[in-house]
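K.L.:
any chance you could fold what I've pasted below:
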Amino acid sequence: MECGWTSICLKDLISYLPDGILVSILSRLEIEQAARTSALARRWRYLWTFTSSLIFKFCDWRIVDHEDKLFGLKCRQFVDWVNHILKFHRGMIIDEFSIQFCLDDNIFKSDIDGWINFAFRKRVKRLKFNFRCTWTNGNWNYPLTAHILHYHRLDSLTSLYLCHVDVTREVLEYILFVCPLLEELSILHSRSLFWDFKDSTKETKIRRPKHLHKSLKVLELNGFIGCKADLQIASYILGSTVSLQEIIIDPSHPNKWAPEDPDTQQLARMRARQHLETRLPFGTQLVLR
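P.N.:
Predicted structure coming up:
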């Protein structure tokens, strides 16, 4: 007597699920894996283009062979691949858009501009750009300008992580002003904020916040040296938020290949504690790394 379970097990039960559930499953896969499902069957051909999670990783910079003569070609291929995926994406919104890419010059600036425009057109919730490149001098940061942000509504953003992205104080103020749902903000290795020793004694005027930010919960300041500009930026953000739970101060040098000075780092922590601890809103914790 033949078992009825055999015929049931041979059926493609997954394909009978609604499109929304299948897209939700694909959104939990890496984009390469999700794209490969287009070969499964006709119905699967375009499902991956509706994924709500787009995470791209060029490589692990710790194992990159920067002397590889084909490295530049590999960079170009990665950028073209990202552009190709974004061109075919059909979803109306995305929950997460993340790119980890070894950026060392401005030849891909127009491509990155396109990635930012794409993310905000899709009403992104969590945005992460990590352009760290540890084996070079890192003389170029991608400049995030208010001009490119003005073209989009940013009120869907809940988490923003920017590494080796040049963010000015004006852009920082603008982000806080137009992102009412922002809960996490991390800005690391920004040339215009938190680590120019030449301007460590420069007094910078920052406007008082016009509106209080009601959603920001976590703020991380990397490359903090305790200069007046650092303290003013931290004070500005503390004075413009009402829900901040944690402010993280990291005095480590943004360029990891540079020698660390324990005395300088300790002095930065002392300045942070001295100037910020008494200004912390109720319920906000100061974390010194």
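K.L.:
quick one: low-confidence ranges for the stretch 151-289 of the chain?
P.N.:
Under the criterion pLDDT under 70, the flagged ranges of the stretch 151-289 of the chain are 193, 195-211, 253-260.
K.L.:
select the longest helix from this protein.
P.N.:
Identified as the longest helix of the chain according to DSSP state H is helix 71-88.
K.L.:
stretch 87-97: which residues count as buried?
P.N.:
By neighbour count on 16 or more other C-beta atoms under 10 Å, the buried set for stretch 87-97 is 89, 91, 94-97. Placement of C-beta: from N, CA and C, glycine included.
K.L.:
next one: stretch 279-289
P.N.:
Of the residues in stretch 279-289, those scored as buried under the neighbour-count criterion (16+ other C-beta under 10 Å) are 284, 286, 288.
K.L.:
between these, which is nearest residue 191?
P.N.:
In terms of C-beta to C-beta, no member of the buried residues of stretch 279-289 lies closer to residue 191 than residue 288, at 23.3 Å.
K.L.:
helix, strand, or coil at the residue nearest to the closest one when sequence neighbours are not counted?
P.N.:
With C-beta to C-beta, 6 or more residues apart in numbering as the measure, residue 269 is the residue that lies nearest to residue 288, at 4.6 Å, once sequence neighbours are left out. Reducing the assignment to helix, strand or coil with DSSP: H, G, I helix; E, B strand; the rest coil, the entry for residue 269 is helix.
K.L.:
residue 269 and residue 262: what is the separation?
P.N.:
Taking C-beta to C-beta, to the nearest Å as the measure, residue 269 falls 11 Å from residue 262.
K.L.:
that older thread, which residue in the buried residues of stretch 87-97 has the weakest pLDDT?
P.N.:
Of all the buried residues of stretch 87-97, residue 91 has the smallest pLDDT value, namely 85.
K.L.:
pretty sure that residue contacts residue 122?
P.N.:
Yes - Residue 91 is within contact range of residue 122, at 6.8 Å (criterion: C-beta atoms under 8 Å).
K.L.:
just to revisit the earlier point, quick one: strands adjacent to the next helix or strand after the longest helix of the chain?
P.N.:
Beyond helix 71-88 in the direction of the C-terminus, DSSP states H and E gives the next helix or strand as strand 96-100. Strand partners for strand 96-100, identified by DSSP bridges, are recorded as strand 53-57 (parallel), strand 126-130 (parallel).
K.L.:
quick one: strand 96-100 to chain centroid distance?
P.N.:
Here the centre of mass of C-alpha atoms in strand 96-100, compared against the chain's by C-alpha atoms, centre = their mean, to the nearest Å, lies 7 Å away.
K.L.:
ok, residues contacting that strand?
P.N.:
Judged by C-beta atoms under 8 Å, 6 or more residues apart in numbering, the contacts made with strand 96-100 from elsewhere in the structure are 52-58, 82, 115, 118-119, 122, 124-130.
K.L.:
and the helix or strand that contains residue 230, what does it pack onto?
P.N.:
In the assignment (DSSP H and E), residue 230 maps to helix 228-239. Judged by 3 or more C-beta pairs under 8 Å, 6 or more residues apart in numbering; DSSP states H and E, the packing partners of helix 228-239 are helix 169-178, strand 218-222, strand 246-250, helix 262-276.
K.L.:
now mean neighbour count and distance to residue 212 too, for these, in CSV please.
P.N.:
Shown next, in CSV, are the helices and strands packed on helix 228-239 (neighbours: other C-beta atoms under 10 Å; distance: least, C-beta to C-beta, whole Å):
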stretch, mean neighbour count, distance to residue 212
helix 169-178, 18, 10
strand 218-222, 20, 14
strand 246-250, 19, 16
helix 262-276, 16, 18
